[in-house]
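Colleague: Provide a 3D model corresponding to the input given below.
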Amino acid sequence: MLGAITGGISYILNLIRSFCLGSQNAFLRDKKMCYVICMLQILTLIFTYEEWWSILPVVANIASTIGGYTYNAQKIRIAGMFVNSPLWIIYNIIVGSWAGILDEIVSEVSMIISIYRYGWKNLDSIES
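Modeller: The predicted structure is shown next:
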């Protein structure tokens, strides 16, 4: 984890969030779970804070979690492209995670491709 404890735990919470959003369980897909995951992010920051850059993955994940729980493809991409990925890229540069930088660049490219492929207006629907 390169000594980047906040980022490592945040990635674990991302995995949990993805499981919840992809679940068929109504409770896991409910907005209440969004609050639980966001609170876990804040607790992660409180218990693992080292320097100012510890804030970056937590803010990124909270934005991405809120975007994900809208179930709206446009909002998910806005959160991903303009908050989540840029903050993670900065964090990964600071902690020296080349794999993390590459991961976020691939995520950005993927979001751009989806916008190009489906069109921005076609992404403005809620899927639940």
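Colleague: which residues of the protein score low on pLDDT?
Modeller: 1-2, 126-128 (pLDDT under 70).
Colleague: just the helices in it please.
Modeller: Per DSSP state H, the chain carries helices over the ranges 5-22, 26-29, 31-48, 55-68, 73-79, 85-95, 98-118.
Colleague: So residue 16 is in contact with residue 38, correct?
Modeller: No - Residue 16 lies out of contact with residue 38 (Cβ atoms under 8 Å); the separation is 12.0 Å. C-beta here means a position set from N, CA and C on the backbone, and glycine is covered the same way.
Colleague: which of those two has more neighbours?
Modeller: residue 38 (19 against 14; other Cβ atoms under 10 Å).
Colleague: That one contacts residue 63, correct?
Modeller: No - using Cβ under 8 Å, residue 38 is not in contact with residue 63; the gap is 9.7 Å.
Colleague: residues contacting residue 27?
Modeller: Residues near residue 27 by Cβ atoms under 8 Å, 6 or more residues apart in numbering: residue 33.
Colleague: swap in residue 100?
Modeller: With the criterion set at Cβ under 8 Å, 6+ apart, residue 100 makes contact with 7, 88, 89, 91, 92.
Colleague: JSON lines for those, including neighbour count and distance to residue 44?
Modeller: Shown next, in JSON lines, are the contacts of residue 100 (neighbours: other Cβ atoms under 10 Å; distance: Cβ to Cβ, whole Å):
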{"residue": "7", "neighbour count": "27", "distance to residue 44": "10"}
{"residue": "88", "neighbour count": "27", "distance to residue 44": "14"}
{"residue": "89", "neighbour count": "21", "distance to residue 44": "19"}
{"residue": "91", "neighbour count": "25", "distance to residue 44": "13"}
{"residue": "92", "neighbour count": "24", "distance to residue 44": "17"}
